[in-house]
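Peer 1: coords please:
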Amino acid sequence: MIKKFITLLLIVFTIVACSEDNRFSITQDQIGPITKTTTVSELETLFANDSLVDYDTANQIKPNVTSITVFEKGGKKLMRILPQEGDPSSTVQNVKIFDARYKTEKGIGLSSTFKDINNAYTIKKIENLIDVIVIFVNESDAYFTIDKKHLASDLMFNTTAKIEKTQIPDNTPLKYFMVEW
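Peer 2: Numbering: from 1, shown residues only. Below you'll find the predicted structure:
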């Protein structure tokens, strides 16, 4: 009897643990509860236990909203969602991750370094912007942003230089982490 109870308890614990992990997993077609086909009008249901900012309680996106920020109950910022268009039937275009619990299938998240990204993915291209570089990878719709303050001084202020992955220190942390569909 006790063995059956312990077995049942372990099964329940495993199911709960897996569903919690899924809440913060990022796959090719999903970011936590959001999929490529999720509409803005579905966000309130998907994040029923969280708070949506720039979204009204009548399950409607406010006029001309360019982003919706999701906060966990208690105030922790989870993500910023950019809809394709400013209406409730619009799907999600871009998600900016703020919480380190979100991780890709290869284990990359906000607490990862450039070395982690380079080991997990094939780097497609590196874009050199004013104060950041953006790293695009082949195997994912995710892209990773690094602050240029971590680069050599000759690259920090040069927006025209072609930056190679060998010029980025392995221990460079991520500044932003985004997924775009």
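
Peer 1: just give me the neighbour total for residue 128.
Peer 2: 16 (other CB atoms under 10 Å). Heads up, the C-betas are built off the backbone N, CA and C, glycines and all.

Peer 1: check the gap between the closest residue in space to it that isn't next to it in sequence and residue 129 for me.
Peer 2: Spatially, and ignoring its direct neighbours in sequence, residue 128 is nearest to residue 163 (5.2 Å; CB to CB, 6 or more residues apart in numbering). Using CB to CB, to the nearest Å, residue 163 is found at 10 Å from residue 129.

Peer 1: outline the domain layout of the protein.
Peer 2: Per automatic domain parsing, the structural domains of the chain span 29-97, 103-180.

Peer 1: by mean pLDDT, show me the worst of the ones you listed.
Peer 2: Least confident of these, judged by mean pLDDT, is domain 29-97 with a mean of 85.

Peer 1: endpoints of that domain, how far apart?
Peer 2: In domain 29-97, first residue to last residue: 15 Å (CA to CA, to the nearest Å).

Peer 1: thought residue 66 was touching residue 86?
Peer 2: Yes: under the criterion of CB atoms under 8 Å, residue 66 makes contact with residue 86 at 7.2 Å.

Peer 1: more crowded one of those two?
Peer 2: Counted by other CB under 10 Å, residue 66 and residue 86 do not tie: residue 86 has more neighbours, with 13 against 9.

Peer 1: one step back: for the residue nearest to residue 128, grab phi and psi.
Peer 2: phi -90, psi 130 (degrees, to the nearest 10).

Peer 1: ok, now which ones touch it?
Peer 2: By CB atoms under 8 Å, 6 or more residues apart in numbering, the contact list for residue 163 reads 126, 128, 133, 151, 155.

Peer 1: with that, I have no additional questions.
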